[in-house]
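Visitor: sequence first, then the predicted structure:
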Protein chains: 2
Amino acid sequence: MSKKEQHQDASQSHTPLGQLGEFGLIEHLTRDFDLRHASSLLGVGDDAAVIAGGDAALVVSTDLLIEGIHFDLMYHPLKHLGYKAVVVNLSDIYAMNAIPEQITVSVGVSNRFSVEAMEEFYAGIGRACELYHVDLVGGDTSSSNKGMIISVTAIGRARPEEIVRRSGAQVGDLVCVSGNLGAAYLGLQILEREKQIYLSQPDVQPDLEGQNYLIERQLKPEARRDLIRHLREAGIQPTAMIDISDGMASDLMHICKASGVGAYVEEGNIPMRQESELMALKFKLDPLTCALNGGEDYELLFTASADDLEKLRTLPDIYISGEIVSQDDGVTLHTNGGKIVPLTAPGWQHF
Amino acid sequence: MSKKEQHQDASQSHTPLGQLGEFGLIEHLTRDFDLRHASSLLGVGDDAAVIAGGDAALVVSTDLLIEGIHFDLMYHPLKHLGYKAVVVNLSDIYAMNAIPEQITVSVGVSNRFSVEAMEEFYAGIGRACELYHVDLVGGDTSSSNKGMIISVTAIGRARPEEIVRRSGAQVGDLVCVSGNLGAAYLGLQILEREKQIYLSQPDVQPDLEGQNYLIERQLKPEARRDLIRHLREAGIQPTAMIDISDGMASDLMHICKASGVGAYVEEGNIPMRQESELMALKFKLDPLTCALNGGEDYELLFTASADDLEKLRTLPDIYISGEIVSQDDGVTLHTNGGKIVPLTAPGWQHF
């Protein structure tokens, strides 16, 4: 194509990216892509892709993390960042009810980074590989003109019948969540507040005393590998599952949309730690909104048959927050005051 | 870690990234990473990782492309860029003698991009998927604060015994290359020249007449899938293989280092098109240097047993350029004038 043709192309219609939103955009762009290989069992649209690999199904997930958008090096130690970059990808593999085994990591950094800084970052990656028992098998380093860019691909394995998609939720299923919500978001608020104070008064030491839990949930989250093991031991096969990265409301809507169902959650059954509630009030934020829309909790949100209720009750860290209903009933919140309101999910508008 | 500790960390020693170089850096950072899974057949250090998947071996490669470092949107049409981003990854899979079947693509773009621009980019991805018969199975879009960032992961398959690593070259093996070299680099010189003219005189139309071949080798390269088929049909199993992304000299050195051998190439047997030679002279560049160090040709460089010489001669597009020798003899160039000089590979110093 000549430069002239390019200029003509550029003069065509311009729909702003924000009009479609992040989820809408990838759906829109990949809607005409066919799957040609029998080994491509599941394509774009879930937490991970599924590929046939002999008796096992291989589950592949990939994530791009960009400085200034997904993380802030002013308060994110590089070791924690390396750890988190791996963990958030593993979380996607667990959300398919599969066990991650390999990762590849590609990093772009400008030359303001030192070898020692990169060693810190890889130390965090190594720690995550060790704790989650995965192998780093590929990737490379490259330069970037501005900021740090991290791309992680995780590959996991499961028996084909074990794979849990977003699309299997049935009317009557229980809506379950694996842990308390909102803490990572409130940790972020604390870090952002301290950053602003530091920028205006560089000699003031940060006041992070007693807020370790919230901050760690933001900077060094864990993926719920233990839950996958517990579910298998208890003989529970979830009907649908997703990891909570955008916020429980948004992620529940992903399950409902993919499954063609509605759901309700009860305000009183949305797990939240007292310290998260108190911190929300300190920031003049609604605690419930933090829990429902905060995001980055990396807890697992899943649905299971009501027949599994007794089994679910024996598991640690399982909160039964609601129920799947018909699509016509929508996705709603039952408040403590007895009201039924539509669940809203602003999620994270990147564009 | 508190902010104070971070500051202390930051005050530790600082080795500039450039001191290790791109290849040195990833080697350095990943040297202590163990492989824990029996399914992790091959880790970092080749064109792609190899993972067991039933009877097949799965081959995984990942690449990060950053605007301003790896591509320039001023002259790279988005459709060609999407095509190239896929093709350069597939090239890594072919370089393992495997057949790619799936890709994932993650893209970060700022909101100066329109939906239509992203559609162009995905049209190029779709075209590559179609021509190379691969499935797009995952990935997403995200925002970036500056510039476009592309991360592609490709997954291929082969019988385990078919996989060709960089490390199998033996003394006496033939050094072969699948096509002419230097054209992509000279295409880049033309595009850079036209960009400079355009920036200083925006009303001057670009002069690309008759240079389509060189420009297309840069903007829309192809991966040598045909060669992999031809080698199989002829019953040739290369002993080592790599795709030429950094330049033949640099990539031959990768094979030699991994195999613990030396090599020589003969100046007269390094394939180059006449139009590349003429363009090199027009730019006052040494044609041989363009061929040996230009990079981005995405031809395959491989070694094969001398017993396969007759079979190799029946294949189209195979140039026998040299021979593997003992490590002590180094990696050298035999010039047309009868001199033996060390092969130098500046490659691409990113940092």
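Guide: Now that the structure is in, tell me what you want to look at. Source: prediction; values computed, not measured.

Visitor: all strands for chain A, in order.
Guide: Using DSSP state E, the strands found in chain A span residues A:40-42, A:49-53, A:56-66, A:99-109, A:135-138, A:141-143, A:149-158, A:174-177, A:240-243, A:262-266, A:300-304, A:319-325, A:331-334, A:340-342.

Visitor: same for the first one, what does it pack against?
Guide: By that I understand strand A:40-42. In terms of contact count using 3 or more C-beta pairs under 8 Å, 6 or more residues apart in numbering or on different chains; DSSP states H and E, strand A:40-42 is assigned the packing partners strand A:49-53, strand B:135-138. To be clear about C-beta, it is placed using only N, CA and C from the backbone, and glycine gets the same treatment.

Visitor: how far out from the middle of the chain is the last one?
Guide: So that's strand B:135-138. Chain-centre distance of strand B:135-138: 22 Å, with C-alpha atoms, centre = their mean, to the nearest Å.

Visitor: right, is it up against chain A?
Guide: Yes. Counting by C-beta under 8 Å from any C-beta of the partner chain, contacts between strand B:135-138 and chain A involve B:Asp135, B:Leu136, B:Val137, B:Gly138.

Visitor: need the buried ones from these selected in ChimeraX.
Guide: Provided next is the ChimeraX selection string for whichever of the residues of strand B:135-138 next to chain A are buried by 16 or more other C-beta atoms under 10 Å in any protein chain shown:
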select /B:135,136,137,138
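
Visitor: for the residues of strand B:135-138 next to chain A, which one is nearest B:Asn293?
Guide: Comparing these against B:Asn293 with C-beta to C-beta places B:Leu136 closest, at 33.5 Å.

Visitor: give the contact list for the residue lying closest to the closest one once chain neighbours are set aside.
Guide: Closest residue to B:Leu136 apart from its sequence neighbours, by C-beta to C-beta, 6 or more residues apart in numbering or on different chains: A:Phe33 at 4.7 Å. Going by C-beta atoms under 8 Å, 6 or more residues apart in numbering or on different chains, A:Phe33 touches A:Gly43, A:Val44, B:Gly126, B:Cys129, B:Asp135, B:Leu136.

Visitor: any weak-confidence spans in chain A?
Guide: Applying pLDDT under 70 to chain A flags residues A:1-12, A:21-24, A:345-351.

Visitor: and A:Val105, how far is that from B:Glu27?
Guide: Distance of A:Val105 to B:Glu27, computed by C-beta to C-beta, to the nearest Å: 14 Å.

Visitor: neighbour count: those two, which is higher?
Guide: Using other C-beta atoms under 10 Å in any protein chain shown, the more surrounded residue of A:Val105 and B:Glu27 is A:Val105, with 29 against 14.

Visitor: now the stretch 51-200 of chain A against chain B: closest residue?
Guide: Using C-beta to the nearest C-beta, the single residue of the stretch 51-200 of chain A nearest to chain B is A:Gly54, 1.2 Å away.

Visitor: contacting residues for the closest residue in space to that residue that isn't next to it in sequence?
Guide: Leaving out its chain neighbours, the residue that sits closest to A:Gly54 by C-beta to C-beta, 6+ apart is B:Gly54, at 1.2 Å. Listed by C-beta under 8 Å, 6+ apart, the contact set of B:Gly54 reads A:Gly53, A:Gly54, A:Asp55, A:Ala56.

Visitor: can you do 10 Å?
Guide: Counting by C-beta atoms under 10 Å, 6 or more residues apart in numbering or on different chains, B:Gly54 touches A:Ala52, A:Gly53, A:Gly54, A:Asp55, A:Ala56, A:Leu58, B:Arg157.

Visitor: how many other residues sit next to the nearest residue to A:Pro316 once chain neighbours are set aside?
Guide: Residue nearest to A:Pro316 in three dimensions, not counting chain neighbours: A:His230, with 7.1 Å by C-beta to C-beta, 6+ apart. Counted by other C-beta under 10 Å, the residues lying close to A:His230 total 18.
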